[in-house]
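*Asks:* no sequence for this one, just the structure:
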């Protein structure tokens, strides 16, 4: 009665993608719309055809494999591009598992009322072309096709030119077929499931992200001869931002996180007070109003430091996305599928961005997470136990069946 | 009755030294025992002879010009080597003004009871050969001649070899003649006289210096998915050290200063919690016990951060000198000379190291400071108004007369 996925085939296909342009340290390097990415696309299109899916390519290079059935499809999918030194699973899992679901249903003669569709979105990572999550963003109508095709890599080539060169400039308009629901299976890329020794998460929302770069201009001076009261120390102001935003996040509690991952001082010498500090601030929350509160705390601190420390601080927004709340109906379908399989499932927030957050703009959407060992991702050390991948794919299958009828 | 210095000659000679190997941006580059330094030495020896001084060179290359008189000389002097991109005045002022004092006394027929001596110490800056203040340190018996001659530059050449090559490996033993007092005229290299619009300082002491490099090892993780409570953030710990040591210095007050001039984070990315931070800590005080107190506060913080933040911190001492207190008799002679000229004089501490601090080991010593515009030194922007240089030289002359009888 209940279909069984071919896990061996699923693991083999993940391995086949990972083997393309694999680096010496084991890292996967399939930057969007490079030859390596094209190689992966060609492999995946073959698997889609094996699964009986009708493959179409849209104008931004998204690949859609669509099964038989009536009405708007239930869609799953993810991406197969990677960062410059990535792991095997980020993106690839959701694509390969989606194809496996379609192929299993076909092989085991199970017909759904609605079509099953599997999407491979172009340039999710955003390393070579900006913005990230580009293919799903264009699909959801959040970015014009023209802007996407005009995006240029550091070497000057445009995304549109690369699509043409590699043969992935499709003829279908972006955004069709519009699904009735979207599901994405992905590794967590965070530590929570792993720390709690849990196998499965249902993602209820995604953090909003606020990235800023602050340039603090003080006055360079001699570390020995400049009294503490006469200093305009850019490095001290940078440190105040780090400690203050940590306190803000701790005090706000809940989903608020604050990170200063990058600090550069000039001249960066032991005996010279820094004249300039360049500091990144990464703020995230699932609540837009709380995220704004954190941003306001940063602004207030900037004003205070300018007043009390005699420095000049310029602030530039590098990225800003609002939080996304997923559809309670799809969340419920995932949870019910898991419970039906006897699997406990954790409701959780995603700290990373995913194609599903773009798809949530146009249809009911949610995500399934499986653990990342040590929370490590974007790194060749990225790893998830095979049994967790299998649990994730099984819950994806069961949820697709529930939603496709 | 009162001798008058030839200021025009003094300024011309300072300019002549500055013109040697001057860089495009106006910087002076006479690194110790390079051809440029040798050129400066040759010029200065000529001026010493013009001043009627008997020139001797000791085994570490210190140049001593000794006038007529009986008993231990009253010595003044400084250095003529520079950093790689230095100003006109650091060191050169004290040497040229000392020679000017000797030449003026000779030209105006004024004989002192004790001899006047002018010293040019080898390698004060310590850029090419370590340690810094080398010539005066060997002269004062704080470093063996053998160690000094064995010190090697980055290109492998030893100081002894360069002395031989350039003809400055003298035959006189280091440390003779032992002066009865030592005086050094120098630019402040700090902002205090300039900020107070004062012309003259008498240096009563020199800060002790404690330099440490801390390597903080935490855990790299995703800035979005890692809850605040699960972080081991090396960058945060670095910032805590910066803000805490500033608070310690402010709270201790007095002469205590604390500076973190250098911070390097790894991987230094906006959305990755730093796994490693390398931080410099520069602590200075004129009181050894207070300096130790500041060092202990740093150690206590390191222990606390290791305990509360789950990081590992290793700490390496890069430099450590004890404070030096100058001789109250020489300080008094300088102050009296200034008062006699109707010049207000500020008692102050030196935040930078000077040859005088080495000479203080073997004879009564103090220093005369003139302002540095903006406190800027070790920089082509280094500047002192000519009238301040003249005031400094005049006080040097009058103090030498008082001490030499």
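*Replies:* Thanks, I have it. Please read these numbers as outputs of a predicted model, since none were measured by experiment.
*Asks:* neighbours around residue A:195, how many?
*Replies:* When neighbours are counted by other C-beta atoms under 10 Å in any protein chain shown, residue A:195 registers 13. The way it works is simple: take the backbone N, C-alpha and C, and place the C-beta from them, glycine included.
*Asks:* For the residue nearest to it when sequence neighbours are not counted, which residues are in contact?
*Replies:* Excluding its sequence neighbours, the residue lying closest to residue A:195 (C-beta to C-beta, 6 or more residues apart in numbering or on different chains) is residue B:230, at 7.2 Å. By C-beta atoms under 8 Å, 6 or more residues apart in numbering or on different chains, residue B:230 lies in contact with A:191, A:195, B:221.
*Asks:* try 10 Å
*Replies:* By C-beta atoms under 10 Å, 6 or more residues apart in numbering or on different chains, the contact set of residue B:230 is A:190, A:191, A:192, A:195, A:375, B:219, B:221, B:273, B:310.
*Asks:* Those in strands, which ones?
*Replies:* Cross-referencing the contacts of residue B:230 against strands under DSSP state E gives B:221, B:273.
*Asks:* Kindly write the PyMOL command that selects the buried subset of the contacts of residue B:230.
*Replies:* The PyMOL command for the buried members of the contacts of residue B:230 (criterion: 16 or more other C-beta atoms under 10 Å in any protein chain shown) is given here:
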select buried, (chain A and resi 190+191+192+375) or (chain B and resi 219+221+273)
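*Asks:* for the residue in the stretch 251-400 of chain A positioned nearest to chain B, phi and psi?
*Replies:* Nearest residue of the stretch 251-400 of chain A to chain B (C-beta to the nearest C-beta) works out as residue A:351 at 3.0 Å. Per-residue torsions, residue A:351: phi -90, psi -10 (degrees, to the nearest 10).
*Asks:* Neighbours of it, how many?
*Replies:* Neighbours of residue A:351 (other C-beta under 10 Å): 25.
*Asks:* With residue A:52 instead?
*Replies:* By other C-beta under 10 Å, 15 other residues sit near residue A:52.
*Asks:* Pretty sure it sits against residue A:68.
*Replies:* Yes: counting by C-beta atoms under 10 Å, residue A:52 does reach residue A:68; the two are 7.7 Å apart.
*Asks:* Now for the two: what residues contact both?
*Replies:* With C-beta under 10 Å, 6+ apart, residue A:52 and residue A:68 have common neighbours A:105, A:106, A:116.
*Asks:* Can you give me the neighbour number for the spatially closest residue to residue A:180 that is not a sequence neighbour?
*Replies:* Counting by C-beta to C-beta, 6+ apart, residue A:180 lies nearest to residue A:72, which is 3.8 Å off, once chain neighbours are set aside. Using other C-beta under 10 Å, residue A:72 has 15 other residues around it.
*Asks:* looking at chain A, which helix or strand does the model trust least?
*Replies:* Within chain A, no helix or strand scores below strand A:221-222, which has a mean of 83 by mean pLDDT, DSSP states H and E.
*Asks:* which element follows that one toward the C-terminus?
*Replies:* As assigned by DSSP states H and E, the chain's next helix or strand after strand A:221-222 is helix A:234-252.
*Asks:* what about that following helix, average pLDDT?
*Replies:* Average pLDDT, helix A:234-252: 98.
*Asks:* Each with direction, which strands does the helix or strand following it pair with?
*Replies:* From helix A:234-252 onward toward the C-terminus, using DSSP H and E, the following helix or strand is strand A:257-259. With DSSP bridges as the test, strand A:257-259 is paired with strand A:276-285 (antiparallel).
*Asks:* What residues sit buried inside the strand it pairs with?
*Replies:* Those would be A:276, A:277, A:279, A:280, A:281, A:282, A:283, A:284, A:285, for strand A:276-285 by 16+ other C-beta under 10 Å.
*Asks:* ok now it, how far from the chain's centre?
*Replies:* On the basis of C-alpha atoms, centre = their mean, to the nearest Å, strand A:276-285 sits 20 Å off its chain's mean C-alpha point.
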